[in-house]
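>>> this one's sequence-less:
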DNA sequence: CTTCAATCCTTGAACATTCAATATTTTCCA
DNA sequence: TGGAAAATATTGAATGTTCAAGGATTGAAG
């Protein structure tokens, strides 16, 4: 009588994703720490870099943060004069976020640090695997909606 | 003179991983919430299911938690009598964690809920994509050490 | 054998996140 | 139009996580 074959946790997709995410994130954090900025703030600055105003809700979705968490992170970034709030004239429930000049300067530095990482991954992991992995992840995300 | 082409954040591997991880984790959380258990506790129970004693350090690595976070989560699980601590007789700095009978019962229910999810992913995302994605993730994790 | 460094886990304080509730504005429809 | 329902953002309390430090044990070097 065989024991019920329980697949080890390392075979679950959810686990592999968590593990890979954790590792890549850790590496990215390490680079961005040169500028003393958490990953989420890099994402926020990057999204706002288009110069358009983005509402909090939009931004929360884009940077993968819950609304209250984003509000408080934005509070810090406003204190650091990296971004600023403007009330949306078309819908006064909304707040539009903009990147400041100081934010733009920082954003560029961070982009370059992040690009370093992508480069490093390409080297150690391979061009082909990387693009294939990205493709599969995009498709997984799509299929989950 | 073209503007420096800044790749959108959605093209970064780090971002895609975070997004996919968030989504899959959200789905898993939803299922496990039927038993009122966070994903990390499922992982802990699953790892301990082999019946062997696992030290806190070992466990922290396996379930992707920092040591102090694990200590406090284990405190809660001990209160719920899902697991228990035993001082390692061979090295008294270490604590060995074991799963209780109650923990085993819960673990089985959780495994089945988690299996449901994997099944659901297989259906909507496809057999082939799933195994290919797992393969690539494993290889990414390997190449990051 | 003694001492010093390393390993392992836990603790307490600082910090961050989340949940539920709230305030404001807009939308919808009766 | 008027008023209820929905959408948006924030707040405060509860909760969880992290950082730095500490206590205990082991290993290793003199």
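Ah, there it is. Note that this is a predicted model, so its numbers are computed, not measured.
>>> quick one: buried residues of stretch A:47-54?
A:47-49, A:53-54 (16 or more other CB atoms under 10 Å in any protein chain shown). Quick note: C-beta positions are derived from backbone N, CA and C, even for glycine.
>>> same deal with stretch A:70-85?
A:70, A:73-74, A:77, A:82-83.
>>> still on that earlier bit, which one among the buried residues of stretch A:47-54 gets closest to residue A:91?
Closest to residue A:91 out of the buried residues of stretch A:47-54 is residue A:53 (11.4 Å), distances taken as CB to CB.
>>> I'd say that closest one and residue A:87 touch.
No - counting by CB atoms under 8 Å, residue A:53 stays clear of residue A:87, with 10.2 Å between them.
>>> okay, and the common contacts of these two?
residue A:96 (CB atoms under 8 Å, 6 or more residues apart in numbering or on different chains).
>>> right, is the helix or strand containing residue A:42 up against DNA strand D?
Assessed by DSSP states H and E, residue A:42 sits inside helix A:39-48. No - Helix A:39-48 is not in contact with DNA strand D by CB under 7 Å from any atom of the strand; minimum separation 12.2 Å.
>>> which residues are in contact with that helix?
A:25, A:28-29, A:32, A:54, A:59, A:62-65, A:73-74, A:77, A:82-83, A:97-99, A:103, A:106-107, A:110-111, A:114, B:6, B:8-9, B:14-15.
>>> can you pull the contacts of the nearest residue to residue A:11 once chain neighbours are set aside?
Distances taken as CB to CB, 6 or more residues apart in numbering or on different chains place residue B:134 nearest to residue A:11, at 7.5 Å, with adjacent residues excluded. By CB under 8 Å, 6+ apart, residue B:134 lies in contact with A:11, A:13, A:16.
>>> And the helix or strand that contains residue B:134, what's buried?
In this structure, residue B:134 sits in helix B:127-143 according to DSSP H and E. By 16+ other CB under 10 Å, the buried positions in helix B:127-143 come out as B:129-130, B:133-134, B:136-137, B:140-141.
>>> ok, these vs DNA strand D, which is closest?
Each of those was scored against DNA strand D by CB to the nearest atom of the strand, and residue B:141 proved nearest at 18.9 Å.
>>> just checking, that closest one touches residue A:20?
Yes - contact criterion CB under 8 Å: residue B:141 and residue A:20 qualify, at 5.5 Å.
>>> Just checking the longest helix seen in chain A against chain B, any contact.
Ranked by residue count under DSSP state H, the longest helix found in chain A is helix A:101-125. Yes - on the criterion CB under 8 Å from any CB of the partner chain, helix A:101-125 is in touch with chain B at A:111, A:114, A:117-118, A:121, A:124-125.
>>> how close does the residue most central in space within chain A get to DNA strand D?
Nearest residue to the geometric centre of chain A (CA atoms, centre = their mean): residue A:43, 4.6 Å. According to CB to the nearest atom of the strand, to the nearest Å, residue A:43 and DNA strand D sit 16 Å apart.
>>> what separates residue A:91 from chain B, distance-wise?
Taking CB to the nearest CB, to the nearest Å as the measure, residue A:91 falls 25 Å from chain B.
>>> In three-state terms, label that residue for me.
Following DSSP: H, G, I helix; E, B strand; the rest coil, the label given to residue A:91 is coil.
>>> count of neighbours near it?
Using other CB atoms under 10 Å in any protein chain shown, the number of residues around residue A:91 comes to 10.
>>> Quick check, pLDDT for it.
In this model, residue A:91 is scored at 96, pLDDT.
>>> now residue A:24, nearest residue through space, not along the chain?
Residue A:24's closest residue in space is residue B:14 (CB to CB, 6+ apart), at 5.0 Å.
>>> shouldn't that neighbour be in contact with residue A:114?
Yes - using CB under 8 Å, residue B:14 is in contact with residue A:114, at 7.5 Å.
>>> Quick check: neighbours shared by those two?
With CB under 8 Å, 6+ apart as the test, residue B:14 and residue A:114 both reach residue A:28.
>>> Report whether stretch A:66-79 contacts DNA strand D.
Yes - Stretch A:66-79 reaches DNA strand D (CB under 7 Å from any atom of the strand) through A:67-68, A:70-72, A:74-75.
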